[in-house]
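Sequence first, then the predicted structure:
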Amino acid sequence: MKDLFEPSWEGADIAGVDEVGRGPLAGDVVAAAVILDPARPIAGLRDSKKLTAARRETLAEEIRARALGWCVARASVAEIDELNILQASLLAMHRAVEGLVPQPGFVLVDGNRLPRWPYRAEPVVKGDDRVPAIAAASILAKVQRDAELVELEALYPGYGFAAHKGYPTAVHLAALRELGVTPAHRRSFAPVRALLSGQD
C-alpha cells in the first residue's frame, strides 16, 4: 500500500478518518478515527470493502490493541433524515475525531469533503486504500456497523439485514413491500419515502 504521509507530517499525531453506511436504506452511518502507532505497525491494512469479514474482524482487534488512539462514532437515522446523508456522514466523522484520545495534530479524511472543524486536515480521494490510518478507520467503522445490522436482523426478522446490511437489494426491497417500514429505515431515502407515501 502506498503511504501518502509527507515528510512535513513526520512526528505529528496523524488521524485517519472514514465512514461507512451512506448508501443503505437502514441503520446509522458510522465513522471511525484512528491514530496508528509507528512503533507497532499493522500488516494488511486496506479498504475494508476489499477484505473478508473474518479478516476485518482480525484486523479490527489488532487496531484496537495497537493504535495510539481510536474512536467510533455515528449519526443516527433521525439525524440522517433531518440533515441529509452527506451532512450526517460529516457529523459522524466530526464526532469520531472529537472522541480521540489523544487528540490529533493533523487529520486525513477519506473522500473529497471535510467536516467543519478546527483541525488541520486534508481530504484524500480513495484514501481508504492509500493511507494506512484511513484504512484502519474504514475497518473499525465497517466491523461496528455490520455488527449493528446483525442486531437489527434479530430485532426485525425477515428483512435480511444480516446479509445485505441495509443496502437496497432485491431481497430488501421485497421485504419492505411485504413487511413495511421499520423505525430503523431512513425515511428520507427514495424507496422508503415512496412506500410511506403509497407510491410503490
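Perfect, I can see it now. Note that the structure is predicted; figures quoted are calculated from it, not measured.

Now do the contacts for the closest residue in space to Y167 that isn't next to it in sequence.
Using C-beta to C-beta, 6 or more residues apart in numbering and skipping the chain neighbours, the partner closest in space to Y167 is P24 (5.0 Å). For every residue, glycine as well, the C-beta is placed using N, CA and C. Counting by C-beta atoms under 8 Å, 6 or more residues apart in numbering, P24 makes contact with K165, G166, Y167, P168, R186.

And P24, how close does it get to P38?
35 Å (C-beta to C-beta, to the nearest Å).

what helix or strand is T58 on?
Using DSSP states H and E, T58 maps to helix 53-66.

err, S138, not the other one
Using DSSP H and E, S138 falls within helix 132-155.

and what of V109?
strand 106-110.

show me what contacts V150?
Contacts of V150 by C-beta under 8 Å, 6+ apart are F161, A162.

do K165 as well
By C-beta under 8 Å, 6+ apart, the residues touching K165 are P24, G27, R145, D146, L149.

The residues you listed into TSV, with extra columns for distance to R56 and pLDDT?
Below are these laid out as TSV (distance: C-beta to C-beta, whole Å; pLDDT from 0 to 100):
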residue	distance to R56	pLDDT
P24	17	98
G27	17	98
R145	11	98
D146	8	98
L149	14	97
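
Show me which pair in these is furthest apart.
P24 and D146 (11.0 Å; C-beta to C-beta).

pLDDT, secondary structure and distance to A141 for the contacts of P24 - can I get that in JSON lines?
Listed next are the contacts of P24 as JSON lines, based on pLDDT from 0 to 100; DSSP: H, G, I helix; E, B strand; the rest coil; distance: C-beta to C-beta, whole Å:
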{"residue": "K165", "pLDDT": "97", "secondary structure": "coil", "distance to A141": "12"}
{"residue": "G166", "pLDDT": "97", "secondary structure": "coil", "distance to A141": "14"}
{"residue": "Y167", "pLDDT": "97", "secondary structure": "coil", "distance to A141": "15"}
{"residue": "P168", "pLDDT": "97", "secondary structure": "coil", "distance to A141": "20"}
{"residue": "R186", "pLDDT": "98", "secondary structure": "coil", "distance to A141": "17"}
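
between those, which is closest to P157?
G166 (14.7 Å).

Give me the distance between that closest one and L36.
Note on G166: its distance to L36, by C-beta to C-beta, is 29 Å.

Over to Y159?
36 Å.

now D18
For D18, the distance to L36 - C-beta to C-beta - is 13 Å.

higher neighbour count, the two?
Taking neighbours as other C-beta atoms under 10 Å, D18 and L36 compare with D18 leading, 32 against 25.

What is the neighbour count of L155?
By the measure other C-beta under 10 Å, the count of residues near L155 is 12.

In contact with it: list those residues for me.
Going by C-beta under 8 Å, 6+ apart, L155 touches A184.

ok, back up a step: and the contacts of P24, which is closest to A75?
Nearest to A75 among the contacts of P24 is R186, at 11.0 Å by C-beta to C-beta.

my read: that closest one touches G23, true?
No. Taking C-beta atoms under 8 Å as the definition, R186 is not a contact partner of G23, at 10.3 Å.

Which one's more surrounded, these two?
Neighbour tally, R186 and G23, criterion other C-beta under 10 Å: the higher count belongs to R186, 24 against 12.
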